[in-house]
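**Student:** Show me the folded form of this:
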Amino acid sequence: MLIIFHCFVDDASHKLLHPGYLESIESASVAESETETPAGNMQHMDCMQLPAKLYAGRKPTDMKTFYPAINIIDKDVPRTDRTLKYFSEESGLHHLRMLREILMTYAAFHPQVGYAQGMNDIAGRFLVVFDSEVEAYWCFKNYMRQVETEFMEDSVLRKLEKVHQLLLELDTDLMQYLEFLGLADMAFCHRWMLLNFKREFSYEDSLRCFEILSSHHLELSSMEAYKAQDVEKQRRFEQEGGTDRIVEAPLNVEYTFDVFMCVSILMEHRATIFQCTDAADVFQFICSLSSTLNLDDILSRSEVLFYKYCSKSVADCFQMVELPPTEPPRPRV
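**Tutor:** Next up, the predicted model:
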């Protein structure tokens, strides 16, 4: 996944590297006894869509959980990326109908998850890249396996708590000022976390950001984090002449890379935030950042913060260990 993080990915490679694509080929069919061939996937989806449409036509009392999902889908789909040619030109309505079919089918056959706002943005990305309702559905379905809990409100709130904790650790003054303004809940970052910064960048950059975050290349549970820790441990051990002992570094693996991105954006604009006199000023300023941010700069700063945190965790775990005093040798009798 290093190529996704550090390199430009052309349009021809998007399909191969897009989140969920390989899983849709390798594991989706096996996991749920589904046909593995594209033709089989298409037939299977046709069979799934039929009951989904039947559910949609029934009375609310027949499908108490599915019917509200239809209402939200019908409100969200027409608003999905209408500035893109894919959804706005003559074929736009056809593509929007395809998107609606994907979301309805998913909601019908995954009632434990259903539909939540923001899913249309994710499914829309797959549809734009693959230009195929079937491929987009299976990729969306497999991707949702990994992130379905993130569409629960308490999950988003937990992520915002992690933003609070990491900012407090890396820039205590800034976090304390936000607390002073009554923004300890970090609610102004809610859209960033829910949509993976989609509205903060151009569409192409937001697509790349989505792929980078989905690659999990830089996570505190990844090999990159362990490598960084090992290097720092060795450096410090040699610096201290090999006299220190260490305990396991207290990494918080819930600090995902999107959390580091949030913190890097806030730290980059800390001077402006300190000029805000109330919560409304902060919200207004954060909203004004939409479509003005440079993805490469943010990724670079976030990567620096990531490795800084890894190094800091190593520094925090070093402990001086006093050797027990040596007793003089006893004289022989």
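**Student:** how close does Phe197 get to Cys287?
**Tutor:** The gap separating Phe197 from Cys287 is 13 Å, by Cβ to Cβ, to the nearest Å. Every residue, glycine included, has its C-beta placed from N, CA and C.
**Student:** whoops, I mixed them up, Phe188
**Tutor:** Relative to Cys287, and taking Cβ to Cβ, Phe188 is found at 8 Å.
**Student:** now do Tyr307
**Tutor:** 30 Å.
**Student:** can you check Thr65 too?
**Tutor:** Taken as Cβ to Cβ, the span from Thr65 to Cys287 is 33 Å.
**Student:** Over to Arg145?
**Tutor:** 32 Å.
**Student:** longest helix of this protein?
**Tutor:** helix 295-317 (DSSP state H).
**Student:** so what does that one touch, helix or strand wise?
**Tutor:** Packed against helix 295-317 by the contact rule (3 or more Cβ pairs under 8 Å, 6 or more residues apart in numbering; DSSP states H and E) you find helix 153-170, helix 203-215, helix 223-239, helix 257-268.
**Student:** Can you spell out which helices and strands pack onto the last one?
**Tutor:** It stands for helix 257-268. Under the contact definition 3+ Cβ pairs under 8 Å, 6+ apart, helix 257-268 sits against helix 153-170, helix 190-195, helix 203-215, helix 295-317.
**Student:** Check which residues of the following helix or strand past it are buried.
**Tutor:** Next along the chain after helix 257-268, taking DSSP states H and E as the criterion, comes helix 270-275. By neighbour count with 16 or more other Cβ atoms under 10 Å, helix 270-275 contains the buried residues Ile273.
**Student:** How many residues are close by the closest residue to Gln176 other than its chain neighbours?
**Tutor:** Nearest residue to Gln176 in three dimensions, chain neighbours excluded: Leu168, at 7.7 Å (Cβ to Cβ, 6 or more residues apart in numbering). Leu168: 17 surrounding residues under other Cβ atoms under 10 Å.
**Student:** This protein - how does it break down into domains?
**Tutor:** 7-148, 153-319 (automatic domain parsing).
**Student:** weakest of the ones you listed in terms of mean pLDDT?
**Tutor:** Of all these, the minimum mean pLDDT falls on domain 7-148 (a mean of 75).
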